[in-house]
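>>> give me a 3D structure for the following:
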Amino acid sequence: MSRNWVQAIPSPEAYWINRVLYDTQHKPAEMARFDADPAAYCRDMPLTEAAKAHLAGPDIGQLYLAGANPYLLRAHCLHLRIPEADYLGALRAVAEDPAGG
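Residues are numbered from 1 along each chain as shown. Next up is the predicted model:
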């Protein structure tokens, strides 16, 4: 049996990552704030510094491992004009080596 994403039960941090991804895709004012300064947008979110850096990066593979919904993550990448090959490559890389090394 395969899963759509890594965590069987999303963590609180995964919730907030997905909340950022959802809000920025569904609320134009939120996307404008994120586009203006991703680090500032994430500053007051209840996330670890690593998760904030992954969102601001964006680090697609690490966001996925942290529990980002792949559909929300893909929509985010489309907005950021990240090519499909790069998105899929990042997911494949963490699937092959989740530890990143």
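>>> enumerate every residue touching residue 12.
For residue 12, the contact set (Cβ atoms under 8 Å, 6 or more residues apart in numbering) comprises residue 46. C-beta: built from backbone N, CA, C; applies to glycine.
>>> against residue 75, how distant is it?
22 Å (Cβ to Cβ, to the nearest Å).
>>> got it, and residue 28?
Separation of residue 28 from residue 75 (Cβ to Cβ) stands at 14 Å.
>>> quick one, which of those two is more surrounded?
Set side by side, residue 28 and residue 75 show more neighbours around residue 75, with 16 against 9, by other Cβ atoms under 10 Å.
>>> give me the pLDDT value at the more buried one.
At residue 75, the model reports a pLDDT of 95.
>>> report the buried residues of the helix-or-strand element of the chain with minimal mean pLDDT.
Lowest on mean pLDDT, DSSP states H and E among the helices and strands of the chain sits helix 84-96, with a mean of 91. Neighbour-count burial for helix 84-96 flags 87, 90, 91, 94 (criterion: 16 or more other Cβ atoms under 10 Å).
>>> look at the nearest residue to residue 10 once chain neighbours are set aside and give its secondary structure.
Spatial nearest neighbour of residue 10, excluding adjacent residues (Cβ to Cβ, 6 or more residues apart in numbering): residue 67 at 4.8 Å. Following DSSP: H, G, I helix; E, B strand; the rest coil, we place residue 67 in the coil state.
>>> is it correct that residue 67 is in contact with residue 16?
No: assessed by Cβ atoms under 8 Å, residue 67 is found out of contact with residue 16, at 9.6 Å.
>>> one step back: between the buried residues of helix 84-96, which is nearest residue 81?
residue 87 (10.8 Å; Cβ to Cβ).
>>> contacts only, for the closest one.
60, 73, 74, 77.
>>> tell me the centre residue of this protein?
In the chain, the centroid-proximal residue (Cα atoms, centre = their mean) is residue 63; its distance is 4.0 Å.
>>> thinking again about what came up before, now render the buried residues of helix 84-96 as TSV, adding distance to residue 52.
Supplementary listing: the buried residues of helix 84-96 in TSV, determined by distance: Cβ to Cβ, whole Å:
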residue	distance to residue 52
87	20
90	18
91	21
94	19
